[in-house]
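K.L.:
okay, here's the prediction I keep looking at, along with the sequence it came from:
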Amino acid sequence: MNRNSKSFLTGADPFLTLRLLNSDQRSIKYSFILEPHMEGFIGIPHGGIGMGLCIETWRTFGMGTYPIDVNFRFGGSGIHIGDEAILEIETGNTGEYLIVKIVKPGDKTPYLKAEIRPADSSESYVSFTKVEDSKLRKLPYYRNCFVCGHYREVLGLQRRFMARRENGTSLCRVDWGQGDDPDRAESFLLNSNELHPAVLTSIFDENTAWGGFLSTRSCGVSTKMNLRLMRPVADSEALVFLGKPTGVRGNPKAPRFYLAEGAVYAVNGSSNPEPVVCGQGEWLIMDYYTEQIKKNLIPADDWEWIFDD
């Protein structure tokens, strides 16, 4: 596999440093350390970074062209900041799809497994109606999260999510490509003029998860994510991310999982935004992280409304 020196994630000045372990004609393995600037929830890496690494691997391996469908599954004993992880890459029997795993040493089940295949269609299977900005309320944020952190020592995406709750459901939105985002995008590229897929997967994951969180008032960690990526996204494009809950699994009064779906639209001054990503996910509800956000989200007095009936 020819490494991409221009990638912000693994290139000449890498966000994460890959060390080659071994390779043969069918597979290749690298190790890397999960560092503090990869954080999502406090103490654990942001799942969107791992998902973006898997898609970069597909691009670097030269397995095919867009559109693609990607099936992500999270598992294992849990992985934390400071841990070592192993990136395992293997081609499918037909050579038409790629399997990428991120494994914690000693675990039989991968922390993340991605199956990347050509999509049957370039159409979005998730749709949204127009959202009025006046109905959206800003959501609080973490200090160091790769996506929403506003006081990081290492540059992050610095998003501020917005949401509304209405008629028993919720909708979440965040934009990319406004203000200083074009300058910020220069630090998060896959190549000379393409936004890295990790930007898309990370913001998508967090925005869509907010939708389910606002519905259940409980935090969750990603367990499943199915994404369709229609095409590459240029670093200069203006994007809108939308997410909404789609249900729960388990006892409705005390569910174990919440489900949500989302889409990313390229606006670019058009009155007819173009969908470039869509997907559906599932999150395991964990009281530990619900309590964590209550103690750590900022502004300190700006999260209580989330738990109001």
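P.N.:
Looks like it came in fine.
K.L.:
put the alpha carbons of the helix or strand containing residue 221 into PDB.
P.N.:
For residue 221, the enclosing helix or strand under DSSP states H and E is strand 220-229. Taking Å, rounded to 0.1, in the frame of the first residue of the first chain, the C-alpha atoms of strand 220-229 are listed here in PDB:
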ATOM      1  CA  GLY A 220     -24.600   6.400  24.000                       C
ATOM      2  CA  VAL A 221     -21.400   5.000  22.400                       C
ATOM      3  CA  SER A 222     -21.500   3.900  18.800                       C
ATOM      4  CA  THR A 223     -22.100   0.200  18.100                       C
ATOM      5  CA  LYS A 224     -23.200   0.200  14.500                       C
ATOM      6  CA  MET A 225     -23.000   2.700  11.600                       C
ATOM      7  CA  ASN A 226     -23.900   2.200   8.000                       C
ATOM      8  CA  LEU A 227     -22.800   5.000   5.700                       C
ATOM      9  CA  ARG A 228     -23.200   5.700   2.000                       C
ATOM     10  CA  LEU A 229     -20.600   8.100   0.600                       C
END
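K.L.:
starting at the chain centroid, how far to that strand?
P.N.:
8 Å (CA atoms, centre = their mean, to the nearest Å).
K.L.:
starting from that strand, tell me which strands it pairs with and how they run.
P.N.:
strand 68-74 (antiparallel), strand 274-285 (antiparallel) (DSSP bridges).
K.L.:
out of those, flag the one nearest residue 302.
P.N.:
Among the strands paired with strand 220-229, the nearest to residue 302 by CB to CB is strand 274-285 (22.5 Å). No exception for glycine: its C-beta is placed from N, CA and C like everyone else's.
K.L.:
alpha carbons of the helix or strand hosting residue 290, in PDB - could you do that?
P.N.:
Using DSSP H and E, residue 290 sits in helix 287-296. Extracted C-alpha coordinates of helix 287-296, given in PDB (Å, rounded to 0.1, in the frame of the first residue of the first chain):
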ATOM      1  CA  ASP A 287     -25.200   6.000  32.200                       C
ATOM      2  CA  TYR A 288     -21.500   6.700  32.900                       C
ATOM      3  CA  TYR A 289     -21.300   9.000  29.900                       C
ATOM      4  CA  THR A 290     -24.600  10.600  30.700                       C
ATOM      5  CA  GLU A 291     -23.200  11.600  34.100                       C
ATOM      6  CA  GLN A 292     -19.900  12.600  32.400                       C
ATOM      7  CA  ILE A 293     -21.500  15.200  30.200                       C
ATOM      8  CA  LYS A 294     -23.500  16.700  33.100                       C
ATOM      9  CA  LYS A 295     -20.200  17.300  34.900                       C
ATOM     10  CA  ASN A 296     -18.100  18.400  32.000                       C
END
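K.L.:
may I see the buried residues of that helix?
P.N.:
Residues 289-290, 292-293, 296 are the ones in helix 287-296 that count as buried (16 or more other CB atoms under 10 Å).
K.L.:
what's the answer for stretch 256-276, then?
P.N.:
Residues of stretch 256-276 classed as buried: 257-267, 273, 275-276 (neighbour count, 16+ other CB under 10 Å).
K.L.:
save these as TSV, and put in distance to residue 51 too.
P.N.:
Below are these laid out as TSV (distance: CB to CB, whole Å):
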residue	distance to residue 51
257	18
258	19
259	17
260	15
261	16
262	13
263	16
264	14
265	19
266	20
267	23
273	23
275	18
276	16
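K.L.:
which of those residues fall in strands?
P.N.:
Using DSSP state E, 257-266, 275-276 are the members of the buried residues of stretch 256-276 that sit in strands.
K.L.:
what's the most distant pair in these?
P.N.:
Maximum distance among those (CB to CB): 30.6 Å, for 257 and 266.
K.L.:
format the strands paired with strand 220-229 as a markdown table; extra columns: mean pLDDT.
P.N.:
As requested, the strands paired with strand 220-229 are exported to a markdown table (pLDDT from 0 to 100):
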| stretch | mean pLDDT |
| --- | --- |
| strand 68-74 | 98 |
| strand 274-285 | 97 |
